[in-house]
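> here you go, sequence then predicted model.
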Amino acid sequence: MFADSSTTFTLIALTGVFAYSFYAVLVAGQLSLGQAGFASLAAFASTQAVPDEPMFGVVPPLAVGIVVGMVTGAFAAFVLGLPVTRLRGVFLAIATLGFAEMIRIVLINQSWTGGAQGLSVPKLVGPPEAWIAVGVIGFWFLRQGGSKLGRALAAIREDELAAKAMGIDVTRYRLAAFVTAGAVAGLFGVLWVHFSRFADPNEFSFAFAVDGLVTTVVGGSTFFLGPLLGSGFFTAVPELQRAVGIEAGWLRPFIAGVLLLVVVLFLPDGFGGLVSKLGRLRRWGGPVLARGSLVPRSPMPDRTMDGTSPPPALPAPKLPPPGDEVVRMSGVSKDYGGVHAVRDVDLEIRGGEILGLIGPNGAGKTTLVNILTGMTEPSAGEVRVLGVRLGGSVPAHRVALAGVSRTFQHSKLFERLSVLDNVLVGTHRVAPSTLLRRMLFLPSARRTERQVLASALARLERVGLAERATTPAGDLAYGDQRRLEIARALAAQPSLLVLDEPAAGMNHVEAAELSELIRTLADDGITVLLIEHNVRMVLDTCTRVVVLDFGEVIASGEPDVVARDPHVVEAYLGTAAEGEAELAVETSAHEADGSGEQ
Ligand SMILES: Nc1ncnc2c1ncn2[C@@H]1O[C@H](COP(=O)(O)OP(=O)(O)OP(=O)(O)O)[C@@H](O)[C@H]1O
């Protein structure tokens with residue numbers, strides 16, 4: 001239907017806009033196929049709204065259509081998103097696909113849409129309109145990438161639970177991404193019908209949506225130029241075919257299929273990911289191609305490592321004074337069917353304490369920590385953390401925002417993101433929002449970014465990982481991963497730091513260094529809850545120790561006293577030989593040298 005080069009040029013831009021509507025949700029790890037539905041709703045809404053003459057004599061008809069279309073798309077996405085953004089993976093894809101098909105059927109059966117015949121509409125879109133649109137959208141995603149919103153979406157994509165633990169409201173951010181996708185799809189719908197001069201409900205079909213998705217996934221779903229790369233490539237293929245006289249209609253779908261396989265198997269970030277990597281390599285010696293585009297992947301817009309004077313620190317939240325109540329648990333229990341993981345636990349943590357929580361395997365330590373951080377709801381009892389009363393309606397991110405940061409028993413890093421980017425995500429609780437200021441290039445946004453970056457780098461330096469800032473987190477040695485998790489948790493400037501087996505995988509020198517780090521954190525006024533199997537480290541580090549066994553508190557008090565408690569010794573003796581040896585040997589070594597250092 002379209003043949004000349006101006007048409008091809010316009011098609012690249014329009015396909016790019018549609019691809020950006022998929023990109024908007026893929027950056028947050030959501031697989032949605034509802035974009036065709038948003039686009040067709042917006043397109044037909046605009047056909048009713050576009051005036052014949054400029055509105056008030058100045059506003060072009062297309063601008064009116066775009067506003068109506070984007071608002072329609074965003075509103076439809078909001079209404080659909082409220083229930084469906086709670087779904088994940090293939091379930092979200094199926095629900096959104098069902099929505100798009102429903103819209104198509106409804107529109108076909110309306111007289112005002114022209115039914116299956118569709119409507120003729122005026123031609124209002126050519127290369128300038130299409131390229132301005134794709135330029136604005138591309139710019140939006142470029143600037144979104146390095147903002148607090150962009151970091152939060154990338155974190156959600158990589159690991160939702162860890163994102164919640166950083167204080168990110170996953171539900172709200174997922175919905176925001178979904179609404180953005182609706183608005184961009186709406187823009188596409190309006191542009192498309194006013195380019196092709198025809199609005200046909202059947203055009204916005206399942207195949208249409210899949211085409212848009214494949215374009216984005218192959219082009220790149222984590223790099224802002226990815227959608228444009230994909231649209232450029234897939235639009236050019238039929239033109240090249242025509243130019244060299246190959247008629248085979250199957251060639252484009254075939255190439256798309258092969259490339260999709262290559263991306264799924266070898267290039268999870270699409271071909272745009274390769275370009276972005278190239279940009280990062282060039283950053284050190286030349287121009288920065290991907291500057292600020294990928295939140296956590298290109299984190300160096302305002303590095304302070306270049307010797308310039310450091311920016312002022314981010315304002316630190318107030319810490320609870322020493323001795324004040326930080327955590328109070330009363331009669332807390334948690335049952336999993338017949339398993340009583342935690343039974344009737346009373347626990348208090350006060351400001352400035354380093355509280356050790358030990359117990360044999362399966363004693364209920366992690367369950368207790370999950371209750372305390374809002375990730376597991378207790379079956380019974382009351383929990384108050386930093387003034388927040390936990391219960392069914394208090395989500396985990398609220399607990400994190402109140403000032404509780406944690407690490408996980410099994411590391412939950414954003415493995416594909418760099419070391420520094422992980423820590424940047426950790427600043428979510430304290431970092432001001434920069435999205436709109438970034439869009440307008442306000443100097444205050446740059447200042448904030450410098451502060452956030454300096455804050456993240458300071459945490460990396462504190463755990464000794466500053467030299468590894470650009471390494472992907474997944475490439476770190478196990479012990480370094482544990483330290484990175486601590487740096488990420490510290491970036492939130494928490495009042496209570498919960499460390500779940502932080503020394504796992506560390507040798508005794510590293511464990512001693514970690515112990516020292518924990519003590520300096522307490523000196524800074526941070527309250528620490530340390531769960532650890534390395535009993536010796538707990539005895540050396542903590543000011544108080546609580547021992548759990550079969551979900552119950554069996555001892556609590558100063559480390560040396562607890563270590564001699566017959567109930568505690570019996571609890572460890574009652575477990576496997578390894579656990580028995582550990583407590584006996586570690587305790588006697590601790591007593592023998594008095595320092596606990598090996
Ligand atoms: N989601 C769950 N579903 C069912 N049972 C669970 C669940 N989580 C924990 N449990 C059970 O609750 C008990 C306490 O587990 P928990 O992981 O809290 O102990 P732990 O002291 O942290 O153990 P470890 O030191 O081995 O990590 C165990 O018997 C465990 O099997």
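That came in fine, so what should we check first? Note that the coordinates shown come from a computational prediction; the quantities given were computed from them, not determined experimentally.
> in which helix or strand would I find residue 426?
Assigned by DSSP states H and E, residue 426 belongs to helix 419-426.
> how about stretch 141-161: buried residues?
141-160 (16 or more other C-beta atoms under 10 Å). To be clear about C-beta, it is placed using only N, CA and C from the backbone, and glycine gets the same treatment.
> point out where the stretch 151-300 of the chain drops to low pLDDT.
For the stretch 151-300 of the chain, applying pLDDT under 70 flags the ranges 248, 263, 276-300.
> if I look at the most centrally placed residue in the chain, how far off is the ligand?
Among the residues of the chain, the one closest to the centroid is residue 155, at 1.8 Å (C-alpha atoms, centre = their mean). Note on residue 155: its distance to the ligand, by C-beta to the nearest ligand atom, to the nearest Å, is 23 Å.
> neighbours around the closest residue to that residue other than its chain neighbours, how many?
Excluding the flanking residues, the one nearest residue 155 by C-beta to C-beta, 6 or more residues apart in numbering is residue 163, at 4.0 Å. Neighbours of residue 163 under the rule other C-beta atoms under 10 Å: 29.
> just the strands in the stretch 451-598 of the chain please.
Applying DSSP state E, counting those that start in this stretch to the stretch 451-598 of the chain gives strands spanning 496-500, 527-531, 544-549, 552-557.
> with the chain instead?
In the chain, the segments counted as strands under DSSP state E are 119-120, 198-199, 325-336, 339-350, 354-358, 380-385, 388-390, 404-406, 496-500, 527-531, 544-549, 552-557.
> most packed of the ones you listed?
The highest mean neighbour count among the strands of the chain, using mean count of other C-beta atoms under 10 Å, belongs to strand 404-406: a mean of 28.
> test my guess that residue 497 contacts residue 531.
No. Distance between residue 497 and residue 531: 11.6 Å, which falls outside the contact criterion (C-beta atoms under 8 Å).
> per-residue confidence for residue 455?
With respect to pLDDT, residue 455 has a value of 91.
> give me phi/psi at the nearest residue to it once chain neighbours are set aside?
Setting aside the residues directly before and after it, residue 455 is nearest to residue 314 in space (C-beta to C-beta, 6+ apart), at 4.9 Å. For residue 314, the backbone dihedrals (degrees, to the nearest 10) come out as phi -60, psi 140.
> check contacts around residue 314.
Contacts for residue 314 were tallied using C-beta atoms under 8 Å, 6 or more residues apart in numbering; they are 427, 430-431, 451-452, 455, 493.
> any chance of those in a markdown table with distance to the ligand as columns?
Formatted as a markdown table, the contacts of residue 314 follow (distance: C-beta to the nearest ligand atom, whole Å):
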| residue | distance to the ligand |
| --- | --- |
| 427 | 29 |
| 430 | 29 |
| 431 | 32 |
| 451 | 37 |
| 452 | 34 |
| 455 | 31 |
| 493 | 27 |
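> wait, which of those is closest to residue 473?
residue 427 (15.7 Å; C-beta to C-beta).
> make sure the closest one is actually in contact with residue 491.
Yes. Counting by C-beta under 8 Å, residue 427 touches residue 491, with 4.7 Å between them.
> so what's the residue nearest to residue 155 up against?
152, 155-156, 170, 425.
> quick check: it vs the ligand, distance?
Distance from residue 163 to the ligand, by C-beta to the nearest ligand atom: 20 Å.
> please tell me how far that residue sits from residue 390.
19 Å (C-beta to C-beta, to the nearest Å).
> which residue does the stretch 401-550 of the chain have closest to the ligand?
Residue of the stretch 401-550 of the chain nearest the ligand, by C-beta to the nearest ligand atom: residue 409 (5.7 Å).
> correct me, but residue 19 touches residue 224?
No. Counting by C-beta under 8 Å, residue 19 does not reach residue 224; the two are 11.4 Å apart.
> helices of the stretch 1-150 of the chain, start to end?
Counting by DSSP state H, counting those that start in this stretch, the stretch 1-150 of the chain has helices at residues 5-26, 35-49, 61-84, 89-108, 127-145, 148-158.
> will you turn those helices into JSON lines that also has distance to residue 378?
Listed next are the helices of the stretch 1-150 of the chain as JSON lines, based on distance: least, C-beta to C-beta, whole Å:
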{"stretch": "helix 5-26", "distance to residue 378": "34"}
{"stretch": "helix 35-49", "distance to residue 378": "41"}
{"stretch": "helix 61-84", "distance to residue 378": "28"}
{"stretch": "helix 89-108", "distance to residue 378": "29"}
{"stretch": "helix 127-145", "distance to residue 378": "38"}
{"stretch": "helix 148-158", "distance to residue 378": "26"}
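> pick the most deeply packed of these.
Neighbour counts (mean count of other C-beta under 10 Å) averaged over each of the helices of the stretch 1-150 of the chain peak at helix 35-49, with a mean of 28.
> chain center to that one: distance?
30 Å (C-alpha atoms, centre = their mean, to the nearest Å).
> now do that helix and helix 61-84, the angle between them.
Angle, helix 35-49 to helix 61-84, by axes from the mean of the first three to the mean of the last three C-alpha atoms, to 10 degrees: 140 degrees.
> CA-only coordinates of helix 35-49 in CSV, if you can.
Extracted as CSV, the C-alpha positions of helix 35-49 are listed here (Å, rounded to 0.1, in the frame of the first residue of the first chain):
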residue,chain,number,x,y,z
GLN,A,35,-1.9,-1.8,23.3
ALA,A,36,-3.9,-2.5,20.1
GLY,A,37,-7.1,-2.0,22.2
PHE,A,38,-5.9,1.3,23.6
ALA,A,39,-4.8,2.5,20.1
SER,A,40,-8.1,1.6,18.5
LEU,A,41,-10.2,3.2,21.3
ALA,A,42,-8.1,6.3,21.0
ALA,A,43,-8.2,6.4,17.2
PHE,A,44,-12.0,6.2,17.1
ALA,A,45,-12.4,8.7,19.9
SER,A,46,-10.3,11.1,17.9
THR,A,47,-12.3,10.6,14.8
GLN,A,48,-15.3,12.0,16.8
ALA,A,49,-13.2,14.9,18.2
